[in-house]
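S.K.: let's see this in three dimensions:
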Amino acid sequence: MGFFDATNSPSQFHSPIKKDSGCRPAFNTGAESGVADWACISGAKRTSANKQTINMSKSRLENEILETSCCATLVLVLAAAGIYSVISYTVGQRTNEIGIRMALGAQPGDVLRLILRQGMGVLFAGIAGGVAGAFFLTRFMVTQLYGVHPIDAATFIAIPILLAIVSFAASYFPARRATHVDPVIALRFE
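M.R.: Okay, the predicted model is just below:
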């Protein structure tokens with residue numbers, strides 16, 4: 001005998017084989033039907049509880065990854081702003097020196113190369129120390145990394161390149177501005 005499904009019209013009945021999600025078909029006859037239905041329902045509850053626990057764990061992990069990524073991005077922006085500020089200020093302080101060099105006959109291109117070479121020298125020393133320190137410290141952070149190799153080549157290449165670009169810009173623009181200063185004005189300040 002079939003069972004009644006309320007979603008269909010009263011005249012429609014289904015076969016005695018019932019399929020639940022993830023359960024084997026059970027015949028709706030006698031005591032076996034009740035035991036099979038109970039096993040399917042309790043298994044479905046366990047499965048849904050397990051899925052809910054897994055989803056909560058994934059959600060928590062995704063939130064931690066997002067928070068860590070936001071903090072890392074903020075640190076990178078602050079590092080770039082700090083590098084730009086310090087190098088730009090240092091080059092700006094040398095405006096009088098640059099003017100005196102220009103008054104004594106130095107070419108603007110030569111002065112610009114001097115400033116860039118000195119700025120890049122400090123930068124490469126900082127990058128070498130930073131990369132060496134990062135290689136050393138990643139051994140202690142292996143348990144904190146998820147889905148990333150401790151020595152991620154893309155990160156170890158991209159971040160120094162980005163900081164080198166920031167450092168170059170911080171040296172180049174103030175030095176270029178200083179080479180356009182009239183040497184007579186620079187000599188008056190001395």
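S.K.: mind listing the helices for this structure?
M.R.: Ranges of helices within the chain are 30-93, 95-103, 108-137, 153-179, 183-189, based on DSSP state H.
S.K.: comparing those helices, which comes out most buried?
M.R.: Mean neighbour count (mean count of other CB atoms under 10 Å) peaks for helix 95-103 among these, with a mean of 19. Placement of C-beta: from N, CA and C, glycine included.
S.K.: which residues does that one contact?
M.R.: Applying CB atoms under 8 Å, 6 or more residues apart in numbering, the external contacts of helix 95-103 come out as 108, 111, 115, 174-175, 177-179, 181-187, 189-190.
S.K.: same question, stretch 76-91
M.R.: Outside stretch 76-91, the residues that touch it by CB under 8 Å, 6+ apart are 115, 119, 122-123, 159, 162-163, 166-167, 169-171, 173-175, 178.
S.K.: mean confidence for it?
M.R.: Stretch 76-91 shows a mean pLDDT of 88.
S.K.: enumerate every residue touching residue 111.
M.R.: Counting by CB under 8 Å, 6+ apart, residue 111 has contacts 98, 101-102, 175, 178-179.
S.K.: give me that answer again for 7 Å
M.R.: Applying CB atoms under 7 Å, 6 or more residues apart in numbering to residue 111 gives the contacts 98, 101-102, 179.
S.K.: and of the contacts of stretch 76-91, the nearest to residue 65?
M.R.: For the contacts of stretch 76-91, the residue nearest residue 65 by CB to CB is residue 159; the value is 18.3 Å.
S.K.: for that closest one, give its distance to residue 148.
M.R.: According to CB to CB, to the nearest Å, residue 159 and residue 148 sit 13 Å apart.
S.K.: and residue 155, by the same measure?
M.R.: From residue 155 to residue 148 the distance is 8 Å (CB to CB).
S.K.: could you do residue 98 as well?
M.R.: Counting by CB to CB, the gap between residue 98 and residue 148 amounts to 44 Å.
S.K.: and the furthest pair within the contacts of residue 111?
M.R.: Applying CB to CB across the contacts of residue 111, the maximum distance is between 101 and 179, 9.1 Å.
S.K.: quick one: low-confidence parts of this protein?
M.R.: In the predicted model of the chain, residues 1-52, 55-56, 146, 186, 189-190 satisfy pLDDT under 70.
S.K.: can you rerun that using 50?
M.R.: Confidence mapping of the chain against pLDDT under 50 gives the ranges 1-21, 26-27, 35.
S.K.: quick one: residue 92 and residue 176 touch, right?
M.R.: No - applying CB atoms under 7 Å as the test, residue 92 and residue 176 come out as separate, 11.8 Å apart.
S.K.: could the contacts of residue 111 be laid out in JSON lines, adding distance to residue 66?
M.R.: Below are those laid out as JSON lines (distance: CB to CB, whole Å):
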{"residue": "98", "distance to residue 66": "46"}
{"residue": "101", "distance to residue 66": "50"}
{"residue": "102", "distance to residue 66": "51"}
{"residue": "179", "distance to residue 66": "45"}
